[in-house]
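Undergrad: Pasting the sequence and the predicted coordinates here, then a few questions.
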Amino acid sequence: MDKKTVETLASCADQYMAYETDQVMTWCGGCGNYGIQNALKRALVLEKIKPRDTLMCFDVGCNGNGSDKIDCYTIHGLHGRVLPLAAGAKIANPKLTVIASAGDGATFSEGVSHLVHAIRSDYPVVFLHHDNQNYALTTGQASSTTPVGCHKTATPDGVVTENLNPLAMVLGLSPSFVAQTFSADVDHMTKIFQEALHHKGFSFVQILQSCPTYNRETSDAWYSEHVFDVEKEKHDVEDIWAARKIVENPKKLPLGILYRNPQKKNFLDSVLHRDHLKTTLTEEVRHTDISKFLEKIS
Ligand SMILES: Cc1ncc(C[n+]2csc(CCOP(=O)(O)OP(=O)(O)O)c2C)c(N)n1
Ligand code: SF4
Ligand SMILES: [Mg+2]
C-alpha cells in the first residue's frame, strides 16, 4: 500500500471503527476470513461509503459467520441463495452499495444457477467469492472447486471428479468485471475491492481464501509461491480472450483485474420504464386499502 493510502487510512480510523462490532470472532486462527473483512472495511472507508449506505448480504458458511462482525445493514440468507437476495435489495433501493459474500460450496454447487443469471443480468452488486476449496462450516467436505485427488472428510480416498475452474466458467458467461485476489494480501484485496466498488455492474471477485483447518493443500505459503500479478505483465483488462488465456494456465494463479467491460449496460440502466423516476421502490412502498378487491374475489 502506498504512503498516501496509509496516511488516508490512518486519518479515517473513526470511519473504520464505525464498521466494527463487539461480537466475538469465531473463525479459526489463521483463517483467511479475517483479512477479507479487514480489507473490505478498508475499501469501504477509502471509498467514503458510510455504514448506513451499505448492505452486506451473507450466504451460509464460515464466510457467512462474518455477518455480525461488520456494522452496516446485513442480511444472512439461505445457503446458495445470496445473489437473488442481493439483487432484489439493489433493485429495490439502488442508492445502497450492495455487497454479497458466499463460499465456493454455495456459489458453484447450491447456488450455481443464481450465479449464471446474476452475471447474465449484470446486477450492480459486488460479489465476494470466498474460495477455500471446501465446505468449511460443515467440517471440510469436498466442493466443486476442490482439486481432484484431494483427501477430504467425506472423500477419504480422494476426490475423483475434476474441479471447476471458477474464473474460466465466469469468463465464459460474458461478465462485466472479473478479478482475483488472495486472502493473505490485505493491501491487494483492498485495491481490488475498491475497483469492484467503482464498477457499475456485477463485479465477480474471486478470493483465494486460506482455510488452515480443512485445506492444508493450499496454505498462504503455497499461494504466495503460485500467484503472479497480471498488472506486472501489462495485461489488457478489456481483452476477454487474453483473460481467458491467462486463467486456463494451471501452473500460476493470476492476481488482479482480469476483465472489465465498462460499456456493458447493467440491469438497472436497462430498466427504461423507471428512467424518469426520482424515487426508489423502497420509497414508493405505501399502505393501500385492498378490502374492496378482497370482497370482490371472496
Ligand atoms: C440448502 C442447504 N444445504 C446445505 C446446508 C448445510 N451447509 C451449511 S454451511 C455449508 C457449507 C458451506 O460451504 P461454503 O459455501 O464453501 O462456505 P464456507 O463454509 O467454506 O465459507 C453447508 C453444506 C444448508 N445450510 N442449506
Ligand atoms: S474452518 Fe476454515 S474457513 Fe472455517 S473458520 Fe476455520 S479456517 Fe476459516
Ligand atoms: Mg468453502
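TA: Perfect, I can see it now. Ligands and ions are numbered 1, 2, ... in the order given.
Undergrad: In contact with residue 188, which residues?
TA: Listed by CB atoms under 8 Å, 6 or more residues apart in numbering, the contact set of residue 188 reads 181, 182, 255. The C-beta positions use only the backbone N, C-alpha and C, and glycine is treated the same way.
Undergrad: of all those residues, which comes closest to residue 272?
TA: residue 181 (35.0 Å; CB to CB).
Undergrad: what's the burial count for that closest one?
TA: Residue 181 is flanked by 29 other residues according to other CB atoms under 10 Å.
Undergrad: do the one 5 residues further on as well
TA: Counted by other CB under 10 Å, the residues lying close to residue 186 total 19.
Undergrad: doesn't residue 37 make contact with it?
TA: No: at 9.9 Å, residue 186 does not count as touching residue 37 under the criterion of CB atoms under 8 Å.
Undergrad: Residue 28: what secondary structure?
TA: Using DSSP: H, G, I helix; E, B strand; the rest coil, the structure places residue 28 in coil.
Undergrad: Okay, and residue 5 sits in which element?
TA: helix 3-11 (DSSP states H and E).
Undergrad: which residues are contacting that helix?
TA: 1, 16, 42, 45, 46.
Undergrad: Neighbour-wise, which one of those residues leads?
TA: Neighbour counts for the contacts of helix 3-11 peak at residue 42, which has 24 neighbours (criterion: other CB under 10 Å).
Undergrad: surely that residue meets residue 13?
TA: No: the criterion here is CB under 8 Å, and residue 42 misses it with residue 13 at 11.2 Å.
Undergrad: helix or strand right after the longest helix anywhere in the chain?
TA: Ranked by residue count and defined by DSSP state H, the top helix of the chain is helix 32-46. For helix 32-46, the succeeding helix or strand toward the C-terminus, using DSSP H and E, is strand 54-58.
Undergrad: Quickly run through the sheet partners of that following strand, with directions.
TA: Sheet pairing of strand 54-58 (DSSP bridges) gives strand 73-76 (parallel), strand 97-103 (parallel).
Undergrad: Quick check: which of the ones you listed is buried the most?
TA: Sort the strands paired with strand 54-58 by mean neighbour count, taking mean count of other CB atoms under 10 Å, and strand 97-103 sits at the top with a mean of 28.
Undergrad: and that one with ligand 2, contact?
TA: No: counting by CB under 6 Å from any ligand atom, ligand 2 is not contacted by strand 97-103; separation bottoms out at 8.0 Å.
Undergrad: tilt between that strand and helix 32-46?
TA: Comparing the axes of strand 97-103 and helix 32-46 via axes from the mean of the first three to the mean of the last three CA atoms, to 10 degrees yields an angle of 170 degrees.
Undergrad: so how far is strand 97-103 from its chain's centroid?
TA: Centroid separation between strand 97-103 and its chain, computed with CA atoms, centre = their mean, to the nearest Å, is 5 Å.
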